[in-house]
Structure formats: structure tokens, C-alpha cells
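A.B. asks: below: sequence and its predicted model.
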Amino acid sequence: MAILKQVRGFSPIYGEHCWFAETATILGEVTMGAGCTVWFGAVIRGDVNAIRIGDNTNIQDNATIHGTYETAATSIGNNVSIGHNAIVHGCTIEDNVLIGMGAIVMDGAVIGAGAMVAAGAVVLAGTIVAARTIYAGVPAKKIKTVEGKNEAMMQRISKNYQRYAGWFQDSENQIE
């Protein structure tokens, strides 16, 4: 069972059909929509500010979602994929976005709908990533527009994580 913990009088709230790995940690002022998945070692820490997550969003292994006390809440839209080991901190991520593995998105950044942040990229505080663009590098800069195969890949990843969660929900898969 995942760690779900109340902090400062706030308890996590989540919608139907969510799945949380046993080693996921979700605490404090976290509100999550339906169909979300939170994977092994991921931490969603709503202790110092609110975290809002839409429907069908996946927070992959060892990702960290946090904010800054009294300054920067975190808002994540619908159908978002947050890659393994990514850090999403005090920012806004709109719908249908892919945050690549090991990427960092800092306070006050806004990632527009349908955009992609490449693996290992660092989106500096206050950066505005336009909708349907791909940002990469350190610091992250626009490298191209999302189209064709990249758009299809982003949609596929979002849907696949709901499928993967189903594999873990089957009690027959438990090892005694």
C-alpha cells in the first residue's frame, strides 16, 4: 500500500480508478483526478503548498512533485506523463504534456498544452514553454515543434501507463 499521509490538516484526495505503487508517497494538500497512476518511489509532497493533478496523469518511478512554501503551488493537467526521476517543482504543466526522464521544471515555469520537455532538460524558474513545442538542454531551449510521431508517442505513453497499472492490480500477481 502506498504511503498516504495527512500534513498540516490536509489529506490527499484522488478520483476513481487511480493506482499507487506500494512505495509511492503522497502527502498533504494533493488533489488528483481520476485514472492517475503514481509509480514506485515517486513522491508527491503537498506539505508546503498545494499540488493539483488532473485526470489520467502518470507520475513515473522516482519522480518528485513539490512546491515552495507560500510562493509556488504545482498544477499538472490531464493526460500528462512525468518521466522517471523527473522533478516538477512549483510550476504549471498544462494538458497532454510529456516531461522526459530526469528533467527538472522549476518554480513559476509554465509548460503549455501538448509540449514536451526532453529527458535531462532543465526548465529554469519563470520559463514559459509555448504549447506544442519541444524544449531540451540545460538550460532548456526550444528545439522544434511537436508534430507527427512525437505527438503520437506522447499520447501512446499516457495511455500505456493506465494499461501497465492494470498488470499490478491483479491480485494473482502477488508473491507470498
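C.D. replies: In hand now; what should we look at?

A.B. asks: where do the helices sit along this structure?
C.D. replies: Counting by DSSP state H, one finds helices in the chain at the ranges 148-169.

A.B. asks: low-confidence ranges, it, go.
C.D. replies: Low-confidence segments of the chain, defined by pLDDT under 70, are located at 170-176.

A.B. asks: in it, which strand has the most residues?
C.D. replies: For the chain, the longest strand by residue count, based on DSSP state E, is strand 43-53.

A.B. asks: count the residues that sit near residue 107.
C.D. replies: When neighbours are counted by other Cβ atoms under 10 Å, residue 107 registers 17. For the C-beta atoms, the positions are set from N, CA and C on the backbone; glycine is no exception.

A.B. asks: ok, residue 130 touching residue 115?
C.D. replies: Yes: between residue 130 and residue 115 there is a contact at 6.9 Å, judged by Cβ atoms under 8 Å.

A.B. asks: more neighbours: those two, which one.
C.D. replies: Here residue 130 and residue 115 are compared on neighbour count by other Cβ under 10 Å; more neighbours surround residue 115, at 24 against 14.

A.B. asks: contacting residues for that one?
C.D. replies: Residue 115 sits next to 94, 97, 98, 129, 130, 131, 132, 133, 134, 135, 146 when contact means Cβ atoms under 8 Å, 6 or more residues apart in numbering.
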